[in-house]
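Student: fold the following for me, if possible:
(chains A and B)
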Amino acid sequence: MNAITSESRPTLAAKARLRWDRQTSRYLLLYPERGLVLNPTAADVVQLCTGEHTVGVIVDRLAAKYASQPREDVEREILAFLAQMAERGLIRSGHE
Amino acid sequence: MSEEPRPYTLVAELTYRCPLRCVYCSNPTDWVGHADALTTDDWLRVFREAEALGVVQLNLTGGEPLLRDDLEPLVEGARRLDLYTNLITSGIPLTRARLAGLKALGLDNVQVSIQDVTPTASDRIAGTRAFERKLEVARWVKELGFPLTLNVVLHRENLDRVADVIALAESLDADRLELANTQYLGWALVNRRTLLPTREALDAAREVARAARRRLQGRMEVLFVTPDYYAEFPKACMDGWGRRFLVVAPDGLVLPCHAAHTLPGLAFDNARTRPLADIWHHSTAFDAFRGEAWMPEPCRSCDRRAIDFGGCRCQAYHLTGDAAATDPACSLAPAHALVEAARREALQPTAEITYRTARATERA
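Tutor: As a prediction, the model looks like this:
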């Protein structure tokens, strides 16, 4: 497994699918037999994991959207989140 | 997630019919008396009602769901509801073209069962020649771009080959490997003396699985479902009765788990005659084992009562005759001696097996 860096272009794994949940007004990330409830920021990140954007670009977009947070903090959080998701096989780093 | 009961998963048992005769089949031993009673439109309505209740995951299973001619419109309807749709199959009977068609209709995941790593051993458990076809189907699944779940039920006869099972799963590029120790209900309870392994064999297999999980992390999810006969505490069966799962059986019965209709004294409703939401929220059968009021001691005052919910109601009934008893798998259960006795039996194994059949007496 390749580590996710600012240059990675992460993609959602084939087995995972994002779905809006009317009951909780949150996004769920669904995969076989399981699901994760995503907070709004995490959902924003996952929606940008199309293989088109680098993590750097994703961080820029979210840092702009949540302007109250310093970019370094946003970057650290996103990298930690993506690493966790990659460990679960839900996000691919794009280097494979 | 909230504590209010909400069904996240609908297990749609489309039929109990199956070309295989697996000796650990979880269908009820009187399966032949439960005919397929739901039409295509009935099932589509069940899916809609389930989704409105909060269901996001749909397992199409059986029996063998491929035996339904209307699998295609069912998959199409499920996908229209944005349900994550998982086909749980033996892979038989299937053509590559039909599988490609299901992909085009939006099927999300395919779970193929494999009984063992060699044709002889695998076909002995399945009671029919199926192994080579299953491998072919598993390859089609990946070629067509589906994620592949490989499910292997573990028992005495294959537990020492877990390393080979993992190697096979890797060679098939499986995304998820379920190493599921046999649950001793249905046909598996009939065959318990043959299937129950020793603790030593189990511990060794668990170690192999643990090492593989670490090695394959991020590539292949390796799941090892511990058999509760060797656990200190019971499992949280279905995450608790009527909390997160809805099962609809081929005859339309709406159940909290796939074996609940084997329990006496509970009046289960039929999806053809009562709306799912009404059943989920207001039926006596779904309320029977919710919460803690039904619990006997030692469950009622146990710190784990909100973790394992007293274990499996079906196991309690089939071992003790009382569905409200503490699951005998629990080391604290008054009837735990029944499980200890079964473990002693595992030290004197037999090779005799009873295949799943319309008659419950066919011997190998």
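Student: tell me what B:R176 is bridged to.
Tutor: With DSSP bridges as the criterion, B:R176 is bridged to B:T149, B:E221.
Student: pLDDT score for it?
Tutor: On the pLDDT scale, B:R176 is placed at 96.
Student: try A:E96
Tutor: Taking A:E96 on its own, its pLDDT is 61.
Student: what do you get for B:A358?
Tutor: In this prediction B:A358 is given a pLDDT of 76.
Student: pull the contacting residues for it.
Tutor: B:V32 (C-beta atoms under 8 Å, 6 or more residues apart in numbering or on different chains). For glycine as for every other residue, the C-beta is placed from the backbone atoms N, C-alpha and C.
Student: would you say it is within a strand?
Tutor: No: counting by DSSP: H, G, I helix; E, B strand; the rest coil, B:A358 falls outside a strand, being coil.
Student: what's the closest non-adjacent residue to the residue of chain A found nearest chain B?
Tutor: Closest residue of chain A to chain B, C-beta to the nearest C-beta: A:K15 (3.5 Å). Distance criterion C-beta to C-beta, 6 or more residues apart in numbering or on different chains; nearest residue to A:K15, sequence neighbours excluded, is B:P147 at 3.5 Å.
Student: how many residues are close by that neighbour?
Tutor: When neighbours are defined as other C-beta atoms under 10 Å in any protein chain shown, B:P147 has 22 of them.
Student: from memory it sits against A:E33, does it?
Tutor: No: counting by C-beta atoms under 8 Å, B:P147 sits too far from A:E33 to count as a contact (11.4 Å).
Student: quickly find the element holding B:S301.
Tutor: Assigned by DSSP states H and E, B:S301 falls within no helix or strand.
Student: and B:W31, how far from B:Q315?
Tutor: Distance, B:W31 to B:Q315, using C-beta to C-beta, to the nearest Å: 19 Å.
Student: neighbour count: those two, which is higher?
Tutor: B:Q315 (26 against 23).
Student: contact partners of the host helix or strand of B:D42?
Tutor: For B:D42, the host element (DSSP H and E) is helix B:40-53. Contact with helix B:40-53 is made by B:6-7, B:10, B:12, B:14, B:38, B:58, B:70, B:73-74, B:77-78, B:81-83, B:246, B:248, B:252, B:271-272, B:275-277, B:280, as judged by C-beta under 8 Å, 6+ apart.
Student: mean confidence for the helix or strand just after that helix?
Tutor: Downstream of helix B:40-53, the first helix or strand assigned by DSSP H and E is strand B:57-61. Taken as a whole, strand B:57-61 carries a mean pLDDT of 98.
Student: stretch B:9-17 now?
Tutor: 97.
Student: what's it in contact with?
Tutor: Taking C-beta under 8 Å, 6+ apart as the rule, stretch B:9-17 contacts A:33, B:27-28, B:31-32, B:34, B:36, B:43, B:46-47, B:50, B:55-65, B:67-68, B:71, B:74, B:83, B:244-250, B:258.
Student: tell me, how many residues neighbour B:T95?
Tutor: B:T95, neighbours per other C-beta under 10 Å, totals 11.
Student: swap in B:E345?
Tutor: 14.
Student: surely it meets B:R193?
Tutor: Yes: B:E345 is within contact range of B:R193, at 5.4 Å (criterion: C-beta under 8 Å).
Student: ok, now how distant is B:Q183 from A:S93?
Tutor: In terms of C-beta to C-beta, B:Q183 sits 37 Å off from A:S93.
Student: after the lengthiest helix in chain A, which helix or strand is next?
Tutor: Ranked by residue count and defined by DSSP state H, the top helix of chain A is helix A:71-87. Per DSSP H and E, the first helix or strand lying C-terminal to helix A:71-87 is strand A:91-92.
Student: how far does that next one sit from its chain's centre?
Tutor: Its chain's C-alpha centre and that of strand A:91-92 lie 9 Å apart, by C-alpha atoms, centre = their mean, to the nearest Å.
Student: remind me what it packs against, helices and strands.
Tutor: strand A:11-12, helix A:71-87 (3 or more C-beta pairs under 8 Å, 6 or more residues apart in numbering or on different chains; DSSP states H and E).
Student: close to chain B, is the first one?
Tutor: No: judged by C-beta under 8 Å from any C-beta of the partner chain, strand A:11-12 makes no contact with chain B; its nearest approach is 11.7 Å.
Student: hang on, the earlier thing: how about the residue nearest to A:K15, what does it touch?
Tutor: A:A13, A:A14, A:K15, A:Y31, A:P32, B:D108, B:N109, B:V110, B:D175, B:R176.
Student: give me the residue at the spatial middle of chain B.
Tutor: B:S26 (6.6 Å; C-alpha atoms, centre = their mean).
Student: which strand or helix spans B:I307?
Tutor: Per DSSP H and E, B:I307 falls inside helix B:305-308.
Student: what residues sit buried inside that helix?
Tutor: Of the residues in helix B:305-308, those with enough neighbours to count as buried (16 or more other C-beta atoms under 10 Å in any protein chain shown) are B:D308.
Student: again, but for stretch B:171-189
Tutor: Result for stretch B:171-189 [16+ other C-beta under 10 Å]: buried residues B:172-189.
Student: check stretch B:36-48 too.
Tutor: B:D36, B:L38, B:W43, B:L44, B:R45, B:V46, B:F47, B:R48.
Student: any idea of the mean pLDDT in that stretch?
Tutor: 97.
Student: just the C-alphas of that stretch, formatted as PDB.
Tutor: C-alpha atoms of stretch B:36-48 as PDB (Å, rounded to 0.1, in the frame of the first residue of the first chain):
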ATOM      1  CA  ASP B  36     -41.500 -18.600  -2.600                       C
ATOM      2  CA  ALA B  37     -44.600 -16.500  -2.000                       C
ATOM      3  CA  LEU B  38     -43.500 -13.000  -2.900                       C
ATOM      4  CA  THR B  39     -43.900 -11.800  -6.500                       C
ATOM      5  CA  THR B  40     -41.600  -9.300  -8.100                       C
ATOM      6  CA  ASP B  41     -43.900  -6.500  -7.200                       C
ATOM      7  CA  ASP B  42     -44.100  -7.700  -3.600                       C
ATOM      8  CA  TRP B  43     -40.300  -7.600  -3.300                       C
ATOM      9  CA  LEU B  44     -40.000  -4.200  -4.900                       C
ATOM     10  CA  ARG B  45     -42.600  -2.900  -2.500                       C
ATOM     11  CA  VAL B  46     -40.700  -4.500   0.400                       C
ATOM     12  CA  PHE B  47     -37.500  -2.700  -0.800                       C
ATOM     13  CA  ARG B  48     -39.300   0.600  -0.900                       C
END
